[in-house]
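1. quick one: sequence and predicted model below, then my questions.
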Amino acid sequence: MESRDTNQRSLLLVSCYELGHQPAGIAMPAGFLRREGYEAEALDVSVEGFDPAKVERAGFIGISVPMHTALRLGVRVGREAQTINPAAHICFYGLYASLNAGYLLDTVADSIIGGEFEAPLVALIKALAERTDIASIEGVSTRRRRAAPVLARLPFAIPDRSALPPLDRYAMLDIQGEQRLAGYVEASRGCLHHCTHCPIPPVYNGRFFVVPADVVLEDVRRLVAAGARHITFGDPDFLNGPGHSLRIVQALHDEFPHLTYDFTAKIEHVLKNRALLPEFSRLGCIFTISAVESLSDVVLSHLEKGHTRADVVEALRLLRSARIVLRPSFVSFTPWTTLDDYIDVLEFVEAEGLIDHVDPVQFAIRLLVPPGSVLLSRADTRRWIGPLVQETFTYKWAHPDPRMDELHREVTELVENAVASKEDAVATFYRIRDLAYAARGGESRARALSLSPLRVRPPRLTEAWFC
């Protein structure tokens, strides 16, 4: 029976991993629920650990899965919840819930919600509390019925962070040797683009939705009152709607002139909005993350990134001119990436003085192909794709050059050990470079940057960015 009593038992929203930030996947639905008169408990497993007591008293357990790592951890939480509290209704919601609906409903979930999930989530909780049928709720998939994700602008509520751990439990801004409390907000969701490796296009299909400016501003006010001195805009691309974004940061700067912020944007949007970059900088932007992914035009074409190697060089120049730090992310291992391509990225990062701008884990990132991926519809994919490994929620693939798979294994192990030992990122970079050169034939190069503790590092968050 899919409808269960939540009247006399608590509502529990669970986050397992959101890049070290206070989870929007709890705060945003909690705001919707509060507006409707519901109080929800929160459990952020990444900082609090698993709490059996909260799970045991819940009638409804919502598990937020906005990314691949969160999904893998969330399934473990869901299975443990089934054991502790088999009567609870377990709902997985977020981007990766839609992509993996079949498996989740067959194994651990009573319902699934993707897309713009907050309104369907509230409707589901209401129906469960009133013991009415949930099978026809828009956007809610069950074992009896699969529903398309809701893709419509919602009546957004102000996020409710009252049940979450304080900001000092999360990633901070590290700037000039000082660590500052950082908040995380979203000014838009979804994306206009169709990058083939991205999990957003299969769900949003080129659509994005802005969060009203007054909601974003009030959320930031509350974060500042809680001690935040820096804000991360967690939108998939802050420049999907540049006018909306600019109005928000202008208002923030007027109210909090010393507040700094960062955002994520595509290289092509950096180029398209080059005239706005100095203004974003003046209003407090200190760095931007951009999914560069590769410097190979062949790889970039397969990923349909919308930029070229030359565009990356120009975007870097523009951002430097505007005094905004670029922190590039990479998909370092793809079926099309050659060993020369991999080394080219390392040499570019070194030559451009970007070693401290790139978290070493970025050099170990391997292409994920989840169920529903746009890549699965491409004719080329049949040449290299393997079977779906359901337990890891991705398709297996092997590189046509065995050296690349061996290099990936070695770099992954190196980075994991470096993180555990808190090795300086520069030392890690050069050890990765040595592995890559050895894979190509054993050449060696001089190390251009010393490990001097006096070097000035660019601003960054204290937790590495990866999915």
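-> The structure has been received and is ready for your questions.
2. quick one, phi psi at residue 399?
-> Main-chain torsions, residue 399, degrees, to the nearest 10: phi -80, psi 140.
3. ignore what I typed, I meant residue 194.
-> phi -130, psi 40.
4. ok, the closest residue to residue 338 other than its chain neighbours to residue 305 distance?
-> Spatially, and ignoring its direct neighbours in sequence, residue 338 is nearest to residue 401 (7.0 Å; C-beta to C-beta, 6 or more residues apart in numbering). Using the backbone N, CA and C atoms, a C-beta is placed for each residue, glycine as well. Residue 401 is 22 Å from residue 305, where distance means C-beta to C-beta, to the nearest Å.
5. between these two, which one's more packed in?
-> Remark: of residue 401 and residue 305, residue 305 carries more neighbours, 25 against 14, as counted by other C-beta atoms under 10 Å.
6. which residues touch the more buried one?
-> Going by C-beta atoms under 8 Å, 6 or more residues apart in numbering, residue 305 touches 195, 266-268, 291, 293-294.
7. then residue 211?
-> Residue 211 neighbours (C-beta under 8 Å, 6+ apart): 156, 186-189.
8. ok, which stretches of the stretch 201-350 of the chain are helices?
-> Applying DSSP state H, counting those that start in this stretch to the stretch 201-350 of the chain gives helices spanning 201-204, 213-225, 242-255, 267-272, 277-282, 297-303, 309-321, 339-351.
9. tell me which of the ones you listed sits most buried.
-> helix 201-204 (a mean of 22; mean count of other C-beta atoms under 10 Å).
10. on contacts alone, who are the packing partners of that one?
-> helix 95-99 (3 or more C-beta pairs under 8 Å, 6 or more residues apart in numbering; DSSP states H and E).
11. tell me the one of the contacts of residue 211 nearest residue 165?
-> For the contacts of residue 211, the residue nearest residue 165 by C-beta to C-beta is residue 186; the value is 19.0 Å.
12. count the neighbours of residue 198 for me.
-> 23.
13. do I have it right that it meets residue 191?
-> Yes - if you go by C-beta atoms under 8 Å, residue 198 and residue 191 touch, sitting 7.4 Å apart.
14. let me see the domain layout of the chain.
-> Here the domain parsing of the chain from automatic domain parsing is 10-141, 167-461.
15. I'd like these as JSON lines, with distance to residue 151 and mean pLDDT appended.
-> Output for the domains of the chain, formatted as JSON lines (distance: least, C-beta to C-beta, whole Å; pLDDT from 0 to 100):
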{"stretch": "domain 10-141", "distance to residue 151": "5", "mean pLDDT": "95"}
{"stretch": "domain 167-461", "distance to residue 151": "6", "mean pLDDT": "95"}
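16. relative to residue 147, which of these is closest?
-> domain 10-141 (4.8 Å).
17. quick one: terminal-to-terminal distance for that closest one?
-> From its first residue to its last, domain 10-141 covers 22 Å (C-alpha to C-alpha, to the nearest Å).
18. gap between stretch 122-136 and the chain center?
-> Stretch 122-136 has its C-alpha centroid displaced from the chain centroid by 30 Å (C-alpha atoms, centre = their mean, to the nearest Å).
19. buried residues in it, which are they?
-> 122-129, 134-135 (16 or more other C-beta atoms under 10 Å).
20. next one: stretch 185-202
-> 185-193, 195-202.
21. same question for stretch 282-294.
-> 283-294.
22. pipe these into TSV and attach distance to residue 219 per row.
-> Listed next are the buried residues of stretch 282-294 as TSV, based on distance: C-beta to C-beta, whole Å:
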residue	distance to residue 219
283	18
284	16
285	18
286	20
287	21
288	20
289	20
290	24
291	25
292	29
293	30
294	35
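23. count of neighbours near residue 169?
-> 13.
24. ok, now which ones touch it?
-> So residue 169 contacts residue 47 (C-beta under 8 Å, 6+ apart).
25. go on, the one 5 residues further on?
-> When the contact criterion is C-beta under 8 Å, 6+ apart, the partners of residue 174 are 457, 459-462.
26. can we see that at 6 Å?
-> 460, 462 (C-beta atoms under 6 Å, 6 or more residues apart in numbering).
27. in three-state terms, label it for me.
-> Assigned with DSSP: H, G, I helix; E, B strand; the rest coil, residue 174 falls in the strand class.
28. so it versus residue 415, what's the distance?
-> From residue 174 to residue 415 the distance is 19 Å (C-beta to C-beta).
29. what's the single longest helix in the chain?
-> helix 402-421 (DSSP state H).
30. helix or strand right after it?
-> helix 425-440 (DSSP states H and E).
31. in that following helix, what's buried?
-> For helix 425-440, by 16+ other C-beta under 10 Å, it's 425-426, 428-437, 439.
32. and it, what other elements does it pack with?
-> helix 339-351, helix 402-421 (3 or more C-beta pairs under 6 Å, 6 or more residues apart in numbering; DSSP states H and E).
33. tell me which of the ones you listed sits nearest to residue 35.
-> Among the helices and strands packed on helix 425-440, helix 402-421 sits nearest to residue 35 (C-beta to C-beta), with 40.4 Å.
34. give the buried residues for that closest one.
-> For helix 402-421, by 16+ other C-beta under 10 Å, it's 404, 407-408, 410-412, 414-415, 418.
35. quick check, nearest of those to residue 140?
-> For these, the nearest to residue 140 is residue 412 (37.6 Å; C-beta to C-beta).
36. could I get the buried residue list for stretch 160-169?
-> Here stretch 160-169 shows 160-161, 163-165, 167 as buried, counting by 16+ other C-beta under 10 Å.
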